[in-house]
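In: Here's my sequence, what's the structure:
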Amino acid sequence: MNMARKIMGLLLMVTLILTAGLVWAEQPKPKLVNITEVNPRILIDLRYATTNNFLKQKVYPNGFQCLLLEPLAQKLNQAQLLLEKDGLGLKIFDGYRPLEVQKKMWKIVPDERYVANPYGSGSNHNRGAAVDLTLVDKDGNELEMPTGFDDFTERASKYSMEPTPQQRANRMLLRQVMEQVGLEGLSTEWWHFQLPNAEKYPIQ
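Out: Prediction:
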């Protein structure tokens, strides 16, 4: 009798595990979306689609769009709506980044403080789970920040005291709004924000 109960118990446990696995497998994976279709008022300046970047060359193909995982795009929409109350907005420098572009960056700057190793876990940009951005006023002019985009100096750190008081205030405002909508930053780059546990998403 005891043996029969043990067998029934094991069968029940196996059934529960298999059922849980099926439910997990059926969960839809977040998809990449064009941020301009979520909120067309967010400005886009994809630097890697131009020569105005630290690579000094265009590495995105013609017509490359600003793509992000849908959960990230929705959080940026929330941030844009919050900023618009104060006459401000967002400008995006980079979103989803193809792995081949990551390899080019790594060849130029093989330093994991600034460029994720594409031969390791890759960048959260390769997952569509990270975004590089700044703040703009109502006319689209960028607010003064500690450095330009992709500045690999200590001044670009989110805690650096080298910038002017106004630059630090603008940096703090950007970080506060991003954290308010549920995004995380990097210590070395004031412009970078990503979904929590971004590494759990697959490289696209």
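
In: Verify the stated contact: Leu186 with Lys158.
Out: Yes. Using CB atoms under 8 Å, Leu186 is in contact with Lys158, at 7.4 Å. Bear in mind the C-beta positions are built from the backbone N, C-alpha and C, glycine included.

In: got the buried residues for stretch 113-132?
Out: For stretch 113-132, burial by neighbour count (16 or more other CB atoms under 10 Å) applies to 114-116, 118, 122-132.

In: likewise stretch 75-95?
Out: For stretch 75-95, by 16+ other CB under 10 Å, it's 75-77, 79-80, 83, 88-95.

In: which one of those residues sits closest to Lys104?
Out: Relative to Lys104, the closest of the buried residues of stretch 75-95 is Asp94; by CB to CB it sits at 13.5 Å.

In: Please name the bridge partners of the closest one.
Out: For Asp94, the beta-bridge partners are Asp132 (DSSP bridges).

In: Surely it and Asp132 touch.
Out: Yes. Look at Asp94 against Asp132 with CB under 8 Å: they come within range, at 4.2 Å.

In: ok, which pair from the buried residues of stretch 113-132 is furthest apart?
Out: For the buried residues of stretch 113-132, the farthest-apart pair by CB to CB is Tyr114 and Gly128; their separation is 19.9 Å.

In: Quick check, Leu90 in contact with Leu135.
Out: Yes. Using CB under 8 Å, Leu90 is in contact with Leu135, at 6.8 Å.

In: can you list residues touching both of those two?
Out: Leu83 (CB atoms under 8 Å, 6 or more residues apart in numbering).

In: need the contact list for Met178.
Out: Contacts for Met178 (CB under 8 Å, 6+ apart) come out as Ala79, Gly185, Phe193.

In: Next, count neighbours for Lys107.
Out: When neighbours are defined as other CB atoms under 10 Å, Lys107 has 11 of them.

In: mind checking the backbone torsions on it?
Out: The phi and psi values for Lys107, taken as degrees, to the nearest 10, are phi -70, psi -30.

In: Under the pLDDT cut-off, which ranges of this structure? List them.
Out: 1-28 (pLDDT under 70).

In: any chance you could map the strands in it?
Out: Per DSSP state E, the chain carries strands over the ranges 32-34, 43-44, 67-69, 88-94, 130-137, 184-185, 192-194.

In: Tabulate those in JSON lines, adding columns for distance to Pro146.
Out: Listed next are the strands of the chain as JSON lines, based on distance: least, CB to CB, whole Å:
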{"stretch": "strand 32-34", "distance to Pro146": "30"}
{"stretch": "strand 43-44", "distance to Pro146": "20"}
{"stretch": "strand 67-69", "distance to Pro146": "24"}
{"stretch": "strand 88-94", "distance to Pro146": "15"}
{"stretch": "strand 130-137", "distance to Pro146": "11"}
{"stretch": "strand 184-185", "distance to Pro146": "13"}
{"stretch": "strand 192-194", "distance to Pro146": "13"}
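
In: Name the nearest residue to Met105, ignoring sequence neighbours.
Out: Counting by CB to CB, 6 or more residues apart in numbering, Met105 lies nearest to Val115, which is 4.8 Å off, once chain neighbours are set aside.

In: picking that back up, Thr147: which of the buried residues of stretch 75-95 is nearest?
Out: Nearest to Thr147 among those is Phe93, at 12.4 Å by CB to CB.
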